[in-house]
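In: next input, structure requested:
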Amino acid sequence: MSAPMPETAIFKDSEADRSFRCKWFANRLVVYGVLLLWAFICLFPIYWTATTSFKMAPNVMKGNLIPWVDFQPAWLGWRSLGLSPDTIGAESTVRDEFMKRFANSVVVSLTSSALAVMMGSLAAYGLSRFRYKFAWMKNDDISFFFLSQLILPPVVLALPFLVLYKELALLDTRVGLILLYTLSVLPIVIWIMKDQFSSIPTELEEAAMVDGLGIWGAFLTIILPIALPGMVAAFILSLVLTWNEYFFAALLTSTHANTLPVMVASQTGSQGISWWSMAALSFAAILPLIVIGVTLERFIIKGMAAGAVK
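Out: Take a look at the predicted model:
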């Protein structure tokens, strides 16, 4: 029969457990505190934009932040866009213009992002599975060449694109923006998807080809479903970049193909900046991205976990 444990040993064990629990609780408190602080920093601009759209001019200048505490919410910003409850049923040229710019942004962003993901995925798959040599450039050099296109400042390309688009009759057209945006986000898609495809074992394709599938059959039926989360992550990143692009949209469009960022930047006049109108327009512009991000969150997480985004 074993001897009973001394009372001092029991006391020491309880002290050790209590110390461990205190350290664990303190660590968790610090971690969650940092995460909450970071979430506040990230979400505060959205909160500020949303609340500013309901402020009057004096509230904006005073920096009031909390509705019904610092200021009484009003529909001034949304009324200026024809989107307030008392104007939504009436005719509004500003609302019609907003809907036209919104449609332009939707068509241009979705189309260019989809094209970039399709072409970028094919290029990335080839770079991750086959060996190429173009002059002195091999696979890694070709991948770096694509990525190096992001180093060039957009303003350097302003004059060449103006001359080229004028000759091709692509100024102020959706097609012109789609082609340009597809090229601008294509290097990012190739970079993301190359890493995604490299993380997939080649044995899966070899087994599929042993069963009778060809290269395209193995890619479409085996590799593509596995790489889908990474493709969604690349699509969302491309969508955000193209949706928020301002420089080329302001440079190459004037009337028919203007997008929302151009309209947001135009909320200035001789009396100054209409902060409430700009805030309402900005919040209406970022709301679709928020909805898409929340809806496709699980795909983004899967893509990040699979190594699609580093």
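In: stretch 77-87: which residues count as buried?
Out: For stretch 77-87, the neighbour count (16 or more other CB atoms under 10 Å) marks 77-84, 87 as buried. Heads up, the C-betas are built off the backbone N, CA and C, glycines and all.
In: how about stretch 266-283?
Out: By 16+ other CB under 10 Å, the buried positions in stretch 266-283 come out as 267, 274-283.
In: where along the stretch 151-300 of the chain do the strands fall?
Out: Under the criterion DSSP state E, counting those that start in this stretch, strands of the stretch 151-300 of the chain are mapped to 268-269, 272-273.
In: make TSV from the ones you listed and add mean pLDDT and distance to Ala207 to it.
Out: Formatted as TSV, the strands of the stretch 151-300 of the chain follow (pLDDT from 0 to 100; distance: least, CB to CB, whole Å):
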stretch	mean pLDDT	distance to Ala207
strand 268-269	68	61
strand 272-273	72	62
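In: reformat these as JSON lines; add distance to Asp17.
Out: JSON lines is the format used below for the strands of the stretch 151-300 of the chain (distance: least, CB to CB, whole Å):
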{"stretch": "strand 268-269", "distance to Asp17": "64"}
{"stretch": "strand 272-273", "distance to Asp17": "60"}
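In: OK, contacts around Ile88?
Out: 82, 95 (CB atoms under 8 Å, 6 or more residues apart in numbering).
In: gap between it and Pro154?
Out: 37 Å (CB to CB, to the nearest Å).
In: cool, and Ile41?
Out: With distances taken as CB to CB, Ile41 is found 28 Å from Pro154.
In: who has more neighbours out of these two?
Out: Remark: of Ile41 and Pro154, Pro154 carries more neighbours, 14 against 9, as counted by other CB atoms under 10 Å.
In: shouldn't that one be in contact with Phe248?
Out: Yes. Contact criterion CB atoms under 8 Å: Pro154 and Phe248 qualify, at 6.6 Å.
In: look at the closest residue in space to Phe248 that isn't next to it in sequence and say how many residues are nearby.
Out: In space, Phe248 comes closest to Leu180 once its chain neighbours are excluded; the distance is 5.7 Å by CB to CB, 6 or more residues apart in numbering. By other CB under 10 Å, the residues close to Leu180 number 23.
In: wait, what's in contact with Leu180?
Out: Per CB under 8 Å, 6+ apart, neighbours of Leu180: 161, 248, 252.
In: what's the closest of the residues you listed to Ser184?
Out: Of all the contacts of Leu180, Phe248 has the smallest distance to Ser184: 7.9 Å, by CB to CB.
In: who's in contact with Leu157?
Out: No residues are in contact with Leu157 under the rule CB under 8 Å, 6+ apart.
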